[in-house]
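# whatever this is, show me its structure:
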Amino acid sequence: MTKRILNVAEKPSAAKEIAAILSNKRATVREGFSKYNKLWDFKYNILNFNDCEMTFTSVTGHLMEIDVVEQFKPWASCDPIQLFEAPIRKTVPSDKEPLKKTLEREIKKADILILWLDCDREGENIAFEVLEVCKNTKKKFEFYRAHFSAIIPREIDRACKNLAKPNEKDSIAVDTRMEIDLRIGAAFTRFQTLYLKKFKINSNGDQPKSTNGGGGGGGGGGGILSSHNNNSGSKEIISYGPCQFPTLGFVVERYFRIVNFKPEDFWNLSVVHEKVDGSSGKKISVTFSWCRNRLFDYTAAFILYEKCLDNTEATVVDVTSKESRYRPVPLTTIELQKAASKKLKISSVQTMQLAEELYTKGFISYPRTETDSFQAGTDLKGLINHQASNPEWGAYAGRLINNNEFVYPKSGRNNDNSHPPIHPTSSATGLTGNLKKIYDFITRRFLACCSEESVFANTTVTIDIQGERFSETGTMVLKLGYLEVYPFDKRNDKLIPTYQKGERFTPKRIDLTKGTTVAPHYITEAELLTAMDTNKIGTDATMATHIQTIQDRLYVIKNESNQFVPSNLGVSLVASYELMGFEFSKPNLRAAIEADVDKISRGQKTKQEVLLSTIEKYKQLFQLANQNTNCFDRSFREFYDPADPKGGDFRILVSQFSRCGKCNGRMQYKSDQNPETPKRILFCPQCIDTFDLPKNGDISQLVTSMGTPQNCPICQYQVLSVRNPANDKSYTICPKCRNFPPDPIHKKPFHCFQCTFTCNLATGNRQQQPQQQQPQQQQTNYNRNNDSTSSRRPITTRTTRATNTTQHRTFTASNNNFNNNRNSDRNNNFIF
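Just a heads-up that it's a prediction; the model follows:
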């Protein structure tokens, strides 16, 4: 009986190329339900079956996406903290339904499924998405995973002969990371976006403050916020991501180094000598540099200068000669991105797009790899032979093979045990633009790895004048080696005449030169990639995406020197969380997540273990962030003006109405112009906070019998009394708790009679009677900085904002002091 086999690749271009290889370009093509994903039919001998009816199709990346259930999607549906525990599901989105229908139709006719997804952790996850769709349609069929590192006949043939089962642990690791990113990103994005609506954040003037150093200003343009439809109207979002924020942090950290840089004057000495070179007969000028490098004290430098002038005779005290040899190791993804950015001026995200295109066309190996060593037995000479006809480096490739100049590549220190280093798999002609640049670089790097080392002779001459040492190093190329084919490493001769140890001479002059230290430049893409790689922020496949994301969000701007400059929004966000004492902009938190995800892949941890520990950690940070929103106020006031309360035309009814629990100032009682049902709010002009008030009833401040404000023990805002004049009934509210219930299980508006806190106004634990309680003479001061917390009782048995308090992160807006000894030295990092 003829076997019918369904084959699924990750991209249409990959499906087309692999089908062409397996069918010897004799496959017949037909349409699927998706106009972008065609199907190829042909016969092939595989799995010990002859003339199998093969069908090859593809998906387009991930077939499924995860999201919270519909109930939690509208932004007004829940407190953002609930997103840490909200149910999630993984489904096929509407735009992928045609792909799903194609798979469902084809698997019904198939006996076997072969998964040809990219051979990395992400590809493994996509493989299980395809498998899930197929299993939901047909319960019984065989399935296999094809492993390959290049779309060339040799690799595809090897994959067909070594089919295996997909790696479920890798797929679970990806699912875990995706769920963590979803929950953390959604919660903090909603929190930031909703709170920061109080500021006029836009692209106008959103440039970094001027600095005294660095690599120049930033470009600009475009809206600083993107529009997002979240089923409750279009909102301007300020996104948070566990990877994008540390990436932004590296940029902002360099920015603060520039801003806080203070230039200093320094002085150095140099000795100039002219001597006729014995071999060439030419007079060569040599400048010997001071071994002390420089001094920041002019008097000390001048004394040493005068000392040298007293007796200018120089004595050669040391002549050291040595050879330096070098050739590059094979190419990894991160090194390709860094080199393309630095040497070719191509961004990392564009580099990966171009490399993907070259890979799917069969010109290079799989471009996502951490391996910089070729396995023994790799036919490297066969790969070099493919380049023999190239007009630019064909002659050099021929020499490597025919003149025995081939040298086996050096082994690096990295191996992902999945893919070989990036290398050309066939000769490519007709390429243009940046696509040609990337192919040329990869090919020249491969040939360089298979070449002899370059050899340089380095001679260092050290002289002494009155006890002060000076030195200079000359360099001469002895052997070009790999540099013949690899022009991206610049090595030049630096000739100096011959000196003998003990030789004496009088220099032409001795100079005392003044200099000034300069600030570091803004971070380049190559430096940013290095920082991300060192600190394990993302993977080699995702780093470029994270860099692009912070540009798309306009948190950073790439200037004319290809350096990243943070926007005012980017600086404000990082500074806000730093003031809270968080390390969101540091790599530690994300690196810990990546390490745990790796442990899932290795079977050392379970998905549930990683989710519980990570989500709980970020949930606690979220609660602390909610308690320290004043840090946002402090940072964003440096760059942005406050927005109009509610964006409408409000008039002040009482300018000094009730006490603000954040700054201790007086809030304004306002109303809009609606004559029938006016909207009433409290607005704090210092904190720029707005709180909705009940539409009906007479509102007055509540005070104790001593005449002092009756404050809410949870948030310190003055309690208000709301009286219904029709029946003379009253109830009390805290303006903060009414709009932001202290526990997410409660819906707003939240009233005192619903509360169960230890407070004479809180009657939620007794019979609910919406009437005004007689306040006691003096309430206990439940300030968030109060050391005594033993008398506190949680609102519910769940963790609440009231119980997760901090003693060391309170900013008092009225006097602009930061009451935090821990953060006293951190303030020096900011321009505020």
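
# going forward, measure contacts between C-alpha atoms and count neighbours the same way
Will do.

# where does N204 land on pLDDT?
N204 is assigned a predicted lDDT (pLDDT) of 43.

# for R292, same thing?
96.

# helix, strand or coil for it?
Counting by DSSP: H, G, I helix; E, B strand; the rest coil, the backbone at R292 sits in coil.

# separation between it and V133?
70 Å (C-alpha to C-alpha, to the nearest Å).

# and these two? Which one has more around it.
V133 (19 against 11; other C-alpha atoms under 10 Å).

# I figured the more buried one was touching K101, is that so?
No. The pair V133 / K101 is not scored as a contact, 9.3 Å apart, by C-alpha atoms under 8 Å.

# got the CA coordinates for the host helix or strand of Q620 in PDB?
Here Q620 sits within helix 607-627, counting by DSSP states H and E. What follows is helix 607-627, C-alpha atoms only, in PDB (Å, rounded to 0.1, in the frame of the first residue of the first chain):
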ATOM      1  CA  LYS A 607       7.300  24.500  33.500                       C
ATOM      2  CA  GLN A 608       5.200  24.900  36.700                       C
ATOM      3  CA  GLU A 609       8.200  25.500  38.900                       C
ATOM      4  CA  VAL A 610       9.500  28.200  36.600                       C
ATOM      5  CA  LEU A 611       6.200  29.900  36.200                       C
ATOM      6  CA  LEU A 612       5.400  29.900  39.900                       C
ATOM      7  CA  SER A 613       8.700  31.400  41.000                       C
ATOM      8  CA  THR A 614       9.000  34.000  38.200                       C
ATOM      9  CA  ILE A 615       5.400  35.200  38.200                       C
ATOM     10  CA  GLU A 616       5.300  35.600  42.000                       C
ATOM     11  CA  LYS A 617       8.600  37.600  41.900                       C
ATOM     12  CA  TYR A 618       7.200  40.000  39.300                       C
ATOM     13  CA  LYS A 619       3.800  40.200  41.000                       C
ATOM     14  CA  GLN A 620       5.500  41.500  44.100                       C
ATOM     15  CA  LEU A 621       7.400  44.000  42.100                       C
ATOM     16  CA  PHE A 622       4.200  45.100  40.400                       C
ATOM     17  CA  GLN A 623       2.600  45.700  43.800                       C
ATOM     18  CA  LEU A 624       5.600  47.800  44.900                       C
ATOM     19  CA  ALA A 625       5.400  49.800  41.600                       C
ATOM     20  CA  ASN A 626       1.800  50.600  42.400                       C
ATOM     21  CA  GLN A 627       2.800  51.900  45.700                       C
END
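
# list the helices and strands the following helix or strand past it packs on?
Per DSSP H and E, the first helix or strand lying C-terminal to helix 607-627 is helix 630-636. Counting contacts by 3 or more C-alpha pairs under 8 Å, 6 or more residues apart in numbering; DSSP states H and E, helix 630-636 packs against helix 568-580, strand 810-812.

# okay, buried residues for the helix holding Q620 please.
607, 610-611, 614-615, 618-625, 627 (16 or more other C-alpha atoms under 10 Å).

# same question, stretch 269-286
So, applying 16+ other C-alpha under 10 Å, buried residues of stretch 269-286: L269, S270, V271, H273, E274, K275, D277, S285, V286.

# lowest-confidence entry in those residues?
pLDDT is lowest at D277 among the buried residues of stretch 269-286; the value there is 79.

# how near is it to S285?
Distance from D277 to S285, by C-alpha to C-alpha: 10 Å.

# inside strands: which ones of the buried residues of stretch 269-286?
Counted as lying in strands by DSSP state E, out of these, are L269, S270, V271, H273, E274, K275, S285, V286.

# Throw these into TSV and include distance to K514, thanks.
TSV is the format used below for those (distance: C-alpha to C-alpha, whole Å):
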residue	distance to K514
L269	9
S270	11
V271	15
H273	20
E274	23
K275	26
S285	22
V286	20
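
# just grab the bridge partners of Q563 for me.
Per DSSP bridges, the residues bridged to Q563 are T524.

# repeat that for K514.
When assigned by DSSP bridges, K514 has beta-bridge partners W267.

# from memory it sits against S270, does it?
No. Using C-alpha under 8 Å, K514 is not in contact with S270; the gap is 11.3 Å.

# format the helices and strands packed on helix 630-636 as JSON lines; extra columns: mean neighbour count and mean pLDDT.
Formatted as JSON lines, the helices and strands packed on helix 630-636 follow (neighbours: other C-alpha atoms under 10 Å; pLDDT from 0 to 100):
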{"stretch": "helix 568-580", "mean neighbour count": "24", "mean pLDDT": "93"}
{"stretch": "strand 810-812", "mean neighbour count": "20", "mean pLDDT": "27"}
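
# got JSON lines for the ones you listed, with distance to A376 too?
Listed next are these as JSON lines, based on distance: least, C-alpha to C-alpha, whole Å:
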{"stretch": "helix 568-580", "distance to A376": "47"}
{"stretch": "strand 810-812", "distance to A376": "61"}
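
# got the angle for the helix holding Q620 vs helix 568-580?
100 degrees (axes from the mean of the first three to the mean of the last three C-alpha atoms, to 10 degrees).

# packing partners of helix 607-627?
helix 168-195, helix 588-601.

# now with 7 Å, please.
helix 168-195 (3 or more C-alpha pairs under 7 Å, 6 or more residues apart in numbering; DSSP states H and E).

# what average pLDDT does the helix it packs on get?
Mean predicted confidence for helix 168-195 is 95.

# quick one: buried residues of that helix?
Buried, per 16+ other C-alpha under 10 Å, within helix 168-195: 169-177, 179-194.

# please enumerate the strands of the stretch 401-550 of the chain.
454-465, 468-479, 504-505, 509-516, 523-524 (DSSP state E, counting those that start in this stretch).

# Serialize the ones you listed to TSV and add fields for mean pLDDT.
Below are those laid out as TSV (pLDDT from 0 to 100):
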stretch	mean pLDDT
strand 454-465	95
strand 468-479	93
strand 504-505	96
strand 509-516	96
strand 523-524	96
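
# which one of these lies closest to P409?
Evaluated with C-alpha to C-alpha, these place strand 454-465 nearest to P409, the distance being 13.8 Å.

# which helices and strands sit right next to that closest one?
Using 3+ C-alpha pairs under 7 Å, 6+ apart: strand 454-465 touches strand 314-326, strand 468-479.

# partner strands of it, with direction?
Short version: by DSSP bridges, strand 454-465 pairs with strand 314-326 (antiparallel), strand 468-479 (antiparallel).

# list the contacts of it.
With contact meaning C-alpha atoms under 7 Å, 6 or more residues apart in numbering, strand 454-465 is reached by 308, 312-327, 469-483.

# of those, grab the buried ones for PyMOL.
To isolate the buried members of the contacts of strand 454-465 in PyMOL, using 16+ other C-alpha under 10 Å:
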select buried, resi 308+312+314+315+316+317+318+319+327+469+470+471+472+473+474+475+476+477+481+482+483
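
# if I look at C759, how far off is P709?
On the measure of C-alpha to C-alpha, C759 and P709 end up 15 Å apart.

# how about the helices in the stretch 401-550 of the chain?
433-449, 525-534, 543-552 (DSSP state H, counting those that start in this stretch).

# buried ones in stretch 24-44?
The neighbour-count criterion (16+ other C-alpha under 10 Å) identifies A27, V29, G32, S34, N37, K38, L39, W40, D41, F42, K43 as the buried residues of stretch 24-44.

# now, among these, which is nearest to A127?
Of the buried residues of stretch 24-44, the one sitting nearest to A127 (C-alpha to C-alpha) turns out to be N37, at 16.5 Å.

# lowest-pLDDT helix or strand in this structure?
In the chain, the helix or strand scored least confidently by mean pLDDT, DSSP states H and E is strand 810-812, which has a mean of 27.
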